[in-house]
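# okay, structure incoming, though there's no sequence with it:
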């Protein structure tokens with residue numbers, strides 16, 4: 001039944017005209033692995049495979065000298081080029097250089113990290129080349145984009161990416177910047193726990209409300225999301241649909257798969273140092289080899305109690321072998337066990353629910369397979385609530401793809417509504433209006449979006465101001481050690497002039513209203529600011545309106561409202577924003593198509609200038625420079641790929657040609673169709689080509705390989721042509737003779753019919769002149785064919801043919817067309833003869849019978865010649 005529901009959902013995609021289709025790419029971006037899915041009608045809905053047909057792509061970018069590699073290939077390079085292989089860069093998204101995240105990254109990675117002008121982190125290759133974290137992330141997104149375009153056979157533009165629910169605005173900005181650098185457009189960001197919930201709900205119906213916990217244990221963190229599943233009617237359409245709402249989130253950073261790998265490597269390091277009495281931590285290649293081995297051992301110990309680890313030439317040409325048990329691994333992680341289930345407790349507390357309200361705990365993420373993680377969760381919730389209803393590795397990306405399809409207008413999907421929450425407290429602060437010229441302004445702080453606030457909402461602040469002022473948006477508590485709390489500062493400009501204009505219009509106590517938005521993708525910004533005032537109306541209608549409606553609120557308290565269909569990130573809301581501000585880099589995708597607001601007499605729009613004083617997103621100029629840089633790398637790699645393909649093709653062609661002229665292949669068709677002088681010329685050119693390939697092949701350009709091959713193909717082509725002509729000649733001759741025979745038969749029958757029709761005074765399809773012209777064409781073709789076929793019989797296989805099969809086909813085609821022109825002709829209608837009183841009755845009868853026969857010929861078998869019958873009903877001729 002669940003498969004039927006999914007199939008019915010996918011079948012709806014086929015109803016959309018193919019010309020209007022647009023694909024949606026979904027990426028589950030993890031610190032260890034990336035999975036992707038392409039939603040496009042006409043192709044199977046599944047996880048994208050990489051070039052090695054793997055369903056998961058390791059989140060690694062590496063360089064082997066000048067060659068850039070991704071996935072498993074890049075991961076394998078770490079042991080040889082530890083400073084040129086970069087993995088788990090997700091941990092560094094928007095991280096300040098002096099933050100705990102960077103310090104932790106240096107413990108697990110052999111990469112060199114440096115500080116950027118934006119006070120974030122970049123990595124440095126062994127040759128000194130620096131790459132920002134956004135650029136490395138964009139490279140991985142670009143690689144996935146190439147896979148999707150090759151699979152879908154069309155350009156991919158829209159993308160939806162999963163992020164952890166705890167990601168701050170800084171980290172979300174970094175992800176969106178990377179998406180734009182990769183040449184993609186952000187359709188949405190979705191929390192990974194919510195994406196798993198969408199995947200869980202797509203094949204299920206919920207007759208009664210249910211609460212489930214999505215326990216996502218990945219590489220960088222463990223998250224728990226309490227999700228409610230209900231069935232409700234859409235208020236706009238009235239159609240029943242599934243409502244998926246996250247009601248509580250709990251998480252713990254840096255206590256997940258990566259930390260388990262680090263502790264496993266510490267076990268191997270201690271064993272190596274104890275055995276060889278040397279500190280392997282000083283050798284980056286050795287550390288990279290042990291990291292790879294630690295990941296392998298951790299995976300194996302999930303199903304086995306012990307394993308023998310063997311690593312050749314770890315460092316200083318020393319081999320390493322040791323036995324590792326699950327018990328020793330769990331002992332090394334003993335302090336982590338109470339933390340594994342802590343996110344579930346936090347999520348339940350934030351949602352206001354208890355375990356009694358929970359239907360099941362759904363496991364997702366690769367680390368959920370580790371036995372001690374499962375044991376910790378089972379101890380808390382009980383074994384009966386554990387559920388493995390989704391694919392732990394692929395549920396998030398498939399759910400994200402389905403959610404992305406529901407956002408796109410190109411797809412018709414199951415009616416679902418998704419509501420997410422933000423786990424952080426966000427407050428707005430501003431300075432109160434000064435009461436005296438020398439007085440120090442008082443700072444006022446208001447909690448705008450408390451933890452647990454639903455995404456896709458707006459809140460409006462009302463200020464009694466007469467001058468320009470600023471609003472500061474901050475996290476109430478630090479989101480992580482080393483991260484700032486200040487998100488952005490919004491300067492509200494043009495207040496004095498606007499308030500003055502409203503006062504001149506008769507407004508009473510004009511105020512400033514600022515709208516703050518929490519988008520569906522988790523971005524917070526000041527999206528609108530207006531000056532507003534009630535204009536006094538002394539008429540009876542105005543007095544009644546003022547009495548019953550009251551005046552506008554003048555308190556500086558937030559009021560909430562819905563914010564549907566908001567763009568993923570909208571920080572460019574100023575009509576005259578600062579050109580140097582990064583807010584211009586984050587323009588709303590739908591800003592150009594938004595309808596213009598109708599001016600209101602008592603409302604004046606104000607300018608908003610966004611400033612980033614801590615961790616700023618990349619500016620437009622920085623993103624353009626990064627995109628140009630990546631495109632240059634892509635172009636260089638494409639040129640290198642074309643050159644390698646040209647060289648490989650040329651080299652294989654040389655070996656194939658050498659085998660053709662080999663003296664041992666005396667009976668080969670190539671030798672039979674070639675002359676000794678031709679083989680000699682090819683052999684000499686072949687020797688020169690081999691020598692050039694070995695001497696200059698590494699330095700040659702792509703065009704040189706093509707020119708060398710063309711020169712050899714020029715010598716080979718006449719021989720190949722002879723062989724092809726010998727192979728095609730029997731078929732061409734048979735085709736020509738067939739049309740000769742068919743034409744001769746047609747002429748014989750047609751002349752007989754023409755004579756009989758003339759005697760019976762019946763209209764004929766053809767005239768004698770037309771049949772004579774066809775016979776002339778036939779005789780000319782027969783004469784030409786007999787002459788040249790006889791000449792061809794004396795031609796040897798290694799000589800050029802005197803008659804080409806293409807000419808034979810062309811001449812036969814002329815005869816064929818001439819024949820078809822006559823054969824397909826319809827029988828003309830006979831004009832009725834005028835009847836008189838002196839006409840014999842028998843003659844009238846005969847005339848009526850002839851007219852009836854013509855009608856039957858046209859109506860029963862139009863375009864076909866029918867048998868001619870005499871008066872007594874016997875057949876006198878048959879149709880060809």
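Received it, and whenever you're ready, just let me know what you need. Bear in mind that the values here come from a model prediction, so they are computed numbers and not experimental data. Numbers count the residues shown, from 1 in each chain.
# going forward, measure contacts between C-alpha atoms and count neighbours the same way
OK.
# assumed residue 95 was part of a strand.
No: counting by DSSP: H, G, I helix; E, B strand; the rest coil, residue 95 is not part of a strand but coil.
# and it, what does it touch?
Contacts for residue 95 (Cα atoms under 8 Å, 6 or more residues apart in numbering) come out as 101, 102, 120, 121, 171, 482, 483.
# would you list these in CSV and tack on pLDDT and neighbour count?
Shown next, in CSV, are those (pLDDT from 0 to 100; neighbours: other Cα atoms under 10 Å):
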residue, pLDDT, neighbour count
101, 93, 21
102, 94, 19
120, 93, 21
121, 94, 25
171, 95, 21
482, 91, 15
483, 93, 20
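# for residue 795, give me the backbone phi and psi.
Dihedral pair for residue 795: phi -80, psi 130, per degrees, to the nearest 10.
# now residue 113: how far from residue 84?
Computed as Cα to Cα, to the nearest Å, the residue 113 to residue 84 distance reads 12 Å.
# overlap in contacts, these two.
residue 124.
# nearest to residue 341 among the contacts of residue 95?
Taking Cα to Cα as the measure, residue 101 is the one of these closest to residue 341, at 22.1 Å.
# which of the helices or strands spans the closest one?
Residue 101 belongs to helix 100-108 when assigned by DSSP states H and E.
# the contacts of residue 95 in helices, which ones?
Among these, the members found in helices (DSSP state H) are 101, 102, 171.
# pull the contacting residues for the last one.
Taking Cα under 8 Å, 6+ apart as the criterion, residue 171 is in contact with 93, 94, 95.
# mind checking pLDDT for the last one?
Pointing back at residue 95 there. For residue 95, the pLDDT comes out at 94.
# in a markdown table, list the contacts of residue 95 along with distance to residue 531.
Output for the contacts of residue 95, formatted as a markdown table (distance: Cα to Cα, whole Å):
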| residue | distance to residue 531 |
| --- | --- |
| 101 | 43 |
| 102 | 45 |
| 120 | 38 |
| 121 | 41 |
| 171 | 33 |
| 482 | 38 |
| 483 | 35 |
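# just send the ones in helices among the contacts of residue 95 back as JSON lines, with distance to residue 507 too.
Shown next, in JSON lines, are those (distance: Cα to Cα, whole Å):
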{"residue": "101", "distance to residue 507": "53"}
{"residue": "102", "distance to residue 507": "55"}
{"residue": "171", "distance to residue 507": "44"}
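# just the closest of those residues to residue 349, please.
When these are compared for distance to residue 349 (Cα to Cα), residue 171 wins out at 25.5 Å.
# remind me, longest helix of the protein?
helix 702-759.
# which is the next helix or strand following that helix?
Next element after helix 702-759 (DSSP H and E): helix 768-793.
# which strands and helices sit next to that following helix?
Contact partners of helix 768-793 among helices and strands, from 3 or more Cα pairs under 8 Å, 6 or more residues apart in numbering; DSSP states H and E: helix 702-759, helix 805-823.
# of all the residues in that helix, which ones are buried?
Across helix 768-793, burial judged by 16 or more other Cα atoms under 10 Å covers 771, 774, 775, 777, 778, 781, 785.
# then stretch 459-479?
Applying 16+ other Cα under 10 Å to stretch 459-479 flags 459-466, 469-476, 479 as buried.
# try stretch 623-637
In stretch 623-637, counting by 16+ other Cα under 10 Å, buried: 623, 626, 627, 630, 631, 633.
# ditto for stretch 815-828
For stretch 815-828, the buried set under the neighbour-count rule, 16+ other Cα under 10 Å, comprises 815, 816, 818, 819, 822, 823, 826, 827.
# now it: mean pLDDT?
According to the model, stretch 815-828 has a mean pLDDT of 85.
# of the buried residues of stretch 459-479, which belong to helices?
Short answer: the buried residues of stretch 459-479 have none in helices (DSSP H).
# return the subset of those residues lying in strands.
In strands, defined here by DSSP state E, the members of the buried residues of stretch 459-479 are 459, 460, 461, 462, 463, 469, 470, 471, 472, 473, 474, 475.
# nearest to residue 393, of those residues?
Using Cα to Cα, those come closest to residue 393 at residue 475, 32.1 Å.
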